[in-house]
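> Dropping the sequence and predicted coords here.
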Amino acid sequence: MTCSMEKTIMTLVETSIVRWLLLKMIHKAAGQFRHQNFPYYDQLTSIYAKDRATGKDA
């Protein structure tokens, strides 16, 4: 792994942690979800991820 790639990964990890801490400060109850599984994530993304209804009659 190159030094540049390592720096990028560390920046992303640090940003993720900082964003989580900020969210937790704003929404106190969010802390309970930090390490929770989302059991139906794959099924829900297959339903909702690709197609979106848009426009006037959506």
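Thanks, I have it.
> Against residue 34, how distant is residue 42?
Distance, residue 42 to residue 34, by CB to CB, to the nearest Å: 20 Å. Every C-beta, even on glycine, is put in place using the N, C-alpha and C of the backbone.
> in this protein, which ranges drop under the pLDDT threshold?
50-53, 58 (pLDDT under 70).
> same thing but at 50, please
Scanning the chain for pLDDT under 50 picks out no residues.
> which residue is nearest the middle of it?
Centroid-nearest residue in the chain, with CA atoms, centre = their mean: residue 16, separated by 8.5 Å.
> That one: which element?
Using DSSP states H and E, residue 16 sits in helix 3-26.
> From residue 34, how far off is residue 45?
21 Å.
> now do residue 40
From residue 40 over to residue 34 (counting by CB to CB), the distance is 19 Å.
> what do you get for residue 14?
16 Å.
> Please apply the same query to residue 24.
Using CB to CB, we find residue 24 at a distance of 8 Å from residue 34.
> Pick out whichever of these two has more residues nearby.
residue 24 (15 against 9; other CB atoms under 10 Å).
> wait, that one sits on residue 32?
No - Residue 24 is beyond contact range of residue 32, at 9.8 Å (criterion: CB atoms under 8 Å).
> OK, contacts around residue 10?
By CB atoms under 8 Å, 6 or more residues apart in numbering, no residues touch residue 10.
> Identify the residue nearest residue 23 in space, chain neighbours excluded?
residue 30 (5.4 Å; CB to CB, 6 or more residues apart in numbering).
> so how far is the first residue of stretch 29-44 from its last?
Taking CA to CA, to the nearest Å, stretch 29-44 runs 24 Å from one end to the other.
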